[in-house]
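Q: With the sequence up front, the predicted model follows.
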Amino acid sequence: MHSFKGNIRVCNVLIPCYPFSMIDLRRLRAFSAWMQTGSVSMAAEHLGLSQPAVSRLLHDLAESLKMGLFVREGRRIVPTSDAIALYNEVDMILAGMTRIDEMSKGLRNDQHRQLQIACTPAAAFGLLPAAMKSFVAEFPDVEISMEMSIPGDLRDWSGLGNFDLALSLMPMAYPDAMIKLLARVEAIAAMPSTHPLAKKQIITRDDLSDQRIILPTRNTPIYAQWQAALRIDKPAHVKNFYTTSAVSACQWAEAGVGVAVIDLFNGVAYGDRLQFRPLMPALMVEYVAMIPKNKRRSVVVDQFMAHLHGAVRTLQDGWDYSQHQTSVD
């Protein structure tokens, strides 16, 4: 371990730098109790120590910092201006240590071992189950609850702090949350093996000109990109269908209702009951995790984030169009 020699300025007080172990926490607690109570005897009573023990801790702290922390007035000692300036810093250090102690006790006692997730339908069906599978295997003691809603409602939740983590697709605006990019994946066309387009390797704009398309609803990223890149003027008798649920889109496609446009992760989740093809031009969507800024971030969130990234790698590495294609004539 390297030691740093020099001085730092705290509240305009110049103090020498020491390894943390040299500044005994007992001395800091004694100093804080003395500053709060105004007397050594009351500080000793507060800490459950003898008065000579508190006096010794105060002297040792002053000596280790090489600072004059008190002066004697009769039988009493009173704080110096340096001690008053230092007190705020010591108080913050002790408050931080208290928070660490409370958190560690909570984790040992199975407190804080819960995770509340807000999730859009696409993320709930595609990415979330893969992450939960590996997470629960490692952390079986965590209680997980998930509430699903469409992106517009989720945006309203972001300022309420009633969840630990939210999963959605971008682009969306969430000013009250930290945005963490998880993956950028393509949108794909899904259809049963009996569909005429299942014989094609790539689905183009022209291929879809006379097809009923099953799309996400109008307030979703895929729909916005569809309108910009692949919007098609169809015959009057051919109407598109819209749904907030990727599961419903796949089920409708499997039933022969139309060609579903979903993201790749939802295609992986639905499995081999459908044929999947890339679209041209390509549509890309971004999966993101959102962590509320107005709520203390728990250890469980960081643990779950690691499994989300692992699930992304698993889903992307395991995808192969050839497994979802019929033979092409």
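A: Yes, it's here. These numbers were taken from a predicted model, which means no experiment stands behind them.

Q: any idea what the residue positioned nearest the centre of the chain is structurally, helix, strand or coil?
A: When the chain is reduced to its mean C-alpha position, the nearest residue by C-alpha atoms, centre = their mean turns out to be Ile291, at 4.3 Å. Secondary structure for Ile291, judged by DSSP: H, G, I helix; E, B strand; the rest coil, is strand.

Q: which non-adjacent residue is nearest it?
A: Once its chain neighbours are removed from consideration, Ile291 has its nearest residue in Met178; the separation is 4.7 Å (C-beta to C-beta, 6 or more residues apart in numbering). Any C-beta I mention is one placed from the backbone N, CA and C, and that applies to glycine too.

Q: Name all residues that make contact with the residue nearest to the centre of the chain.
A: Remark: with contacts taken as C-beta atoms under 8 Å, 6 or more residues apart in numbering, Ile291 is in contact with 164-166, 177-178, 180, 297, 301.

Q: in the protein, what spans have low per-residue confidence?
A: Applying pLDDT under 70 to the predicted model, the residue ranges of the chain that meet it are 1-23, 99, 102-112, 150-161, 171-175, 230-234, 236-237, 318, 320-329.

Q: residue ranges of the strands in it, please?
A: Counting by DSSP state E, the chain has strands at residues 7-10, 13-16, 70-73, 76-79, 114-119, 143-148, 165-170, 177-191, 203-204, 213-216, 241-243, 259-263, 275-280, 284-292.

Q: got the contact list for stretch 33-40?
A: 42-43, 46-47, 51, 54-55, 58, 76-77, 79, 83-84, 87, 90.

Q: okay, now Ala83: neighbour count?
A: 23 (other C-beta atoms under 10 Å).

Q: Now it: closest residue in space that isn't a chain neighbour?
A: Here the nearest residue to Ala83 in space, its sequence neighbours aside, is Leu69; by C-beta to C-beta, 6+ apart that works out to 4.2 Å.

Q: So the one you found is in contact with Leu28, correct?
A: No. Assessed by C-beta atoms under 8 Å, Leu69 is found out of contact with Leu28, at 11.6 Å.

Q: which residues do these two both contact?
A: Overlap between the contact sets of Leu69 and Leu28, as judged by C-beta under 8 Å, 6+ apart, is given by Leu61.

Q: Pull out the buried members of the contacts of Ile291.
A: With neighbours counted using 16 or more other C-beta atoms under 10 Å, the contacts of Ile291 contain these buried positions: 164-166, 177, 301.

Q: And those, which is closest to Asn240?
A: Comparing the buried ones among the contacts of Ile291 against Asn240 with C-beta to C-beta places Ala166 closest, at 28.3 Å.

Q: Can you name the residues bridging to that closest one?
A: Ala118, Met290 (DSSP bridges).

Q: From what I see, it and Asp176 are in contact.
A: No. Contact status for Ala166 versus Asp176: not in contact, 10.6 Å apart, counting by C-beta under 8 Å.

Q: hey, which helix is longest across the protein?
A: Assignment by DSSP state H gives helix 81-108 as the longest helix of the chain.
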